[in-house]
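Participant: Sequence and predicted structure below; questions after.
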Amino acid sequence: MCCDYNKPLREKMLSYYEQDANYEVMNGKIKSLYYIEEQDELFLQIDVLSDNQVNYNQSKSYCDFVLVNWSYYEIELKVDDEIMFTSASTYFYNGHVLPIIHIELNQVQLLSFAEGKENYIDWIKKKF
């Protein structure tokens with residue numbers, strides 16, 4: 001018999017990430033990219049340039065983000081790209097990486113808010 005130890009945290013995450021008001025749009029410059037094929041996740045370190053930014057990690061000049069189900073999207077990003085993106089600022093556990101659910105590069109939308117949010121919620125339900 002198996003126990004679902006993540007259930008309470010999963011429920012808190014879903015309650016938080018399902019609310020549009022918890023997201024904010026930011027601008028940033030990509031510092032590094034790292035793709036983990038087995039998990040189909042792209043991890044990004046981003047220098048957040050927005051004036052109204054939330055300071056996610058005071059010990060670093062950048063913040064860590066993730067795009068889940070990366071191979072699903074036809075997005076090409078590279079180091080030094082300046083992007084507009086949407087994320088939410090709450091950390092839920094040690095090692096939690098903030099999701100990116102919307103991206104624009106050179107004023108071209110690469111991932112819509114609705115699609116990215118739906119995809120992240122689905123990821124939480126199935127993989128967390």
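Facilitator: Thanks, I have it. Residues are numbered from 1 along each chain as shown.
Participant: where along this structure do the strands fall?
Facilitator: 23-36, 41-48, 63-68, 82-88, 98-99, 102-105, 108-111 (DSSP state E).
Participant: And the contacts of stretch 62-80?
Facilitator: Stretch 62-80 has contacts (C-beta atoms under 8 Å, 6 or more residues apart in numbering) with 28-33, 35, 40-48, 56-57, 83, 85, 87, 97-100, 103, 105, 110-111, 119-120, 123, 127. Just so you know, the C-beta spots here come from the backbone N, C-alpha and C atoms, and that holds for glycine as well.
Participant: so where's this protein uncertain?
Facilitator: 1, 51-61 (pLDDT under 70).
Participant: Next, the buried residues of the helix ranked longest in it.
Facilitator: Across the chain, the longest stretch assigned as helix under DSSP state H is helix 113-127. Going by neighbour count (16 or more other C-beta atoms under 10 Å), the buried part of helix 113-127 is 116, 117, 119, 120, 121, 123, 124.
Participant: May I see those residues arranged in CSV, with distance to residue 7 as well?
Facilitator: Formatted as CSV, these follow (distance: C-beta to C-beta, whole Å):
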residue, distance to residue 7
116, 24
117, 21
119, 21
120, 18
121, 16
123, 16
124, 11
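Participant: on that earlier part again, other SSEs contacting the longest helix of the chain?
Facilitator: Helices and strands touching helix 113-127, by 3 or more C-beta pairs under 8 Å, 6 or more residues apart in numbering; DSSP states H and E, are helix 7-17, strand 63-68, strand 102-105.
Participant: Deepest-packed of these, please.
Facilitator: Comparing the helices and strands packed on helix 113-127 by mean neighbour count (mean count of other C-beta atoms under 10 Å), strand 63-68 comes out on top with a mean of 22.
Participant: Residue 68 bridge partners, please.
Facilitator: Counting by DSSP bridges, residue 68 is bridged to residue 41.
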